[in-house]
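K.L.:
What shape does this take:
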Amino acid sequence: MATPTWIDKEKRWSIRCQIHGMQKRFTSSKPGVAGKKEVLKKYRAFLYGDTYEELIFSEAWARFLSYIIDKNGKGEAYINLEKYGRLYILPRLSKKLLCTCSLSDFQECISKARRTSGGSQPLARRTLRNIKASIMQFIHYAVANGYMEPLRGQLYIPAAAPNTERVILQPADISRLFSGPSSADWYINVFRFALVTGLRTGEVLGIQSGDIRNNVLYISRSVNCRNQITEGKNQNARRCIYLNKIARQIISENQFRNGRLQTPWIFCSKTGAPLSQSTLRNAWLKLAKERNLPGCPYSLRHTFISLLKNEMPEAMLKHIVGHSSSMQTIGGVYDHLIDGEMESAAKIIDVNFAKYAGS
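P.N.:
The predicted model follows:
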């Protein structure tokens with residue numbers, strides 16, 4: 001991006017650039033920031049003509065979110081972009097002219113990001129990567145629409161950013177999760193099912209009776225942290241898996257229990273409504289304290305992957321947990337079922353969890 005230079009001898013701001021093989025110069029005799037903005041405006045107006053708009057960052061970000069909604073709906077992608085923008089990007093850049101934003105301005109949003117509760121606490125490396133990805137997606141949109149010019153250089157994650165260790169349940173923890181009654185009995189099967197399938201918590205909460213046919217679970221919805229029913233985290237989330245024996249038993253238990261509620265939701269509230277993420281978190285805190293369990297509900301997914309990563313082909317494991325970009329989706333669901341691969345995967349899961357699950 002061309003930047004204005006103050007020429008002290010001429011007492012004016014100047015931009016020199018080469019456009020279509022010709023040298024061009026734009027100037028302004030206004031002193032200070034006003035002159036710098038004016039010469040930059042002349043330069044950009046020449047580049048983009050009538051399509052040029054001088055937007056402040058907050059206006060451009062609002063248009064960007066509208067574009068995301070139009071393209072993908074208000075799914076997880078929009079929710080995350082809105083959150084990272086509101087918490088970490090807009091507070092620094094909201095009132096700044098977009099055309100004056102430099103790479104260092106965006107880098108500050110990453111390097112100086114701090115936890116919203118705790119002030120000086122640094123964010124984990126994973127969160128900083130998400131902020132960086134949000135910024136890069138916005139820049140791509142803004143450049144494509146002529147709101148700003150491409151930026152030279154690359155954004156980075158500070159070396160000092162802490163890595164958060166993924167907590168998993170150990171064998172003794174898994175046995176305690178499957179043992180005896182609990183004060184969290186209404187919710188305990190949610191956690192057990194998440195553990196033996198590797199599904200995201202929201203995906204488990206989104207399961208309805210009609211999603212299960214011939215022991216195959218068709219995953220096509222999720223309940224997010226705002227209690228909104230979405231199509232899942234991303235396109236890979238729409239998939240199918242063959243239910244292992246333990247998972248089928250858990251489903252049967254819940255369907256029998258839910259009979260009087262006449263609800264389509266397998267893992268529902270005590271009134272038959274979809275369970276909320278906050279209710280589930282509170283239930284986990286209670287259960288974890290009773291049974292000395294580490295981590296959070298998402299740790300169950302990490303445990304599943306850790307236990308099975310050496311037990312089945314990587315492509316199959318990615319398919320089950322919804323990570324593979326080339327995985328089989330709802331549109332061609334029987335490709336894997338015909339040759340028995342998914343049934344074989346289910347047997348592997350049963351073998352690895354049966355010793356902990358008991359009866």
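K.L.:
Can you show me the strands along the stretch 201-350 of the chain?
P.N.:
Along the stretch 201-350 of the chain, the segments classed as strands by DSSP state E, counting those that start in this stretch run 212-213, 216-219, 222-223, 229-230, 239-242.
K.L.:
Out of those strands, which is closest to G206?
P.N.:
strand 222-223 (4.6 Å; C-beta to C-beta). C-betas here are computed from N, CA, C, even on glycine.
K.L.:
by contact count, what packs against the closest one?
P.N.:
helix 201-205, strand 229-230 (3 or more C-beta pairs under 8 Å, 6 or more residues apart in numbering; DSSP states H and E).
K.L.:
Just the mean pLDDT for that strand, thanks.
P.N.:
Mean pLDDT, strand 222-223: 88.
K.L.:
likewise stretch 175-183?
P.N.:
83.
K.L.:
For that stretch, list the C-alpha coordinates in PDB.
P.N.:
C-alpha atoms of stretch 175-183 as PDB (Å, rounded to 0.1, in the frame of the first residue of the first chain):
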ATOM      1  CA  SER A 175     -14.300 -45.900  34.900                       C
ATOM      2  CA  ARG A 176     -15.600 -43.400  37.500                       C
ATOM      3  CA  LEU A 177     -17.700 -41.700  34.800                       C
ATOM      4  CA  PHE A 178     -19.400 -45.000  34.000                       C
ATOM      5  CA  SER A 179     -19.900 -46.100  37.600                       C
ATOM      6  CA  GLY A 180     -23.000 -46.000  39.800                       C
ATOM      7  CA  PRO A 181     -25.700 -43.400  40.200                       C
ATOM      8  CA  SER A 182     -25.000 -39.700  40.600                       C
ATOM      9  CA  SER A 183     -26.800 -36.500  41.500                       C
END
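K.L.:
roughly how far is that stretch from the heart of the chain?
P.N.:
31 Å (C-alpha atoms, centre = their mean, to the nearest Å).
K.L.:
what sits against F106?
P.N.:
Counting by C-beta atoms under 8 Å, 6 or more residues apart in numbering, F106 makes contact with 93, 135, 139, 151, 155.
K.L.:
quick one: buried residues of the helix or strand harbouring it?
P.N.:
Following DSSP states H and E, one finds F106 within helix 103-111. Using 16 or more other C-beta atoms under 10 Å as the test for burial, helix 103-111 gives 105-107, 109-111.
K.L.:
before we move on, what about stretch 255-262?
P.N.:
In stretch 255-262, counting by 16+ other C-beta under 10 Å, buried: N258.
K.L.:
what residues does that stretch touch?
P.N.:
So stretch 255-262 is in contact with 209, 265-266, 268, 271-272, going by C-beta under 8 Å, 6+ apart.
K.L.:
Please repeat the previous calculation with a cut-off of 7 Å.
P.N.:
Stretch 255-262 has contacts (C-beta atoms under 7 Å, 6 or more residues apart in numbering) with 209, 266, 268, 272.
K.L.:
Count the neighbours of the third one for me.
P.N.:
Spelled out, that is C268. By other C-beta atoms under 10 Å, 21 other residues sit near C268.
K.L.:
now it: how far from Q107?
P.N.:
46 Å (C-beta to C-beta, to the nearest Å).
K.L.:
circling back to that earlier point, can you list the buried residues in whichever helix or strand comes after the helix holding F106?
P.N.:
Using DSSP H and E, the helix or strand that follows helix 103-111 in sequence is helix 125-144. Within helix 125-144, the residues scored as buried using 16+ other C-beta under 10 Å are 125, 127-128, 130-132, 134-135, 138-139, 141-142.
K.L.:
Do me a favour and average the pLDDT over the helix holding F106.
P.N.:
Per-residue pLDDT over helix 103-111 has a mean of 95.
K.L.:
on that earlier part again, most tightly packed of the helices and strands packed on strand 222-223?
P.N.:
Of these, the one with the most neighbours on average (mean count of other C-beta atoms under 10 Å) is helix 201-205, at a mean of 24.
K.L.:
same for that helix, what does it pack against?
P.N.:
The helices and strands touching helix 201-205, judged by 3 or more C-beta pairs under 7 Å, 6 or more residues apart in numbering; DSSP states H and E, are helix 185-197, strand 222-223, helix 277-291.
K.L.:
give me the low-pLDDT residue ranges for the stretch 151-300 of the chain?
P.N.:
The stretch 151-300 of the chain contains residues with pLDDT under 70 at 182-184, 232-237.
K.L.:
do that again at 90, thanks
P.N.:
Along the stretch 151-300 of the chain, the model assigns pLDDT under 90 to residues 151-152, 160-167, 179-185, 220-240, 259-260.
K.L.:
about what we covered before: turn the strands of the stretch 201-350 of the chain into JSON lines, including distance to R44.
P.N.:
Below are these laid out as JSON lines (distance: least, C-beta to C-beta, whole Å):
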{"stretch": "strand 212-213", "distance to R44": "56"}
{"stretch": "strand 216-219", "distance to R44": "47"}
{"stretch": "strand 222-223", "distance to R44": "42"}
{"stretch": "strand 229-230", "distance to R44": "38"}
{"stretch": "strand 239-242", "distance to R44": "45"}
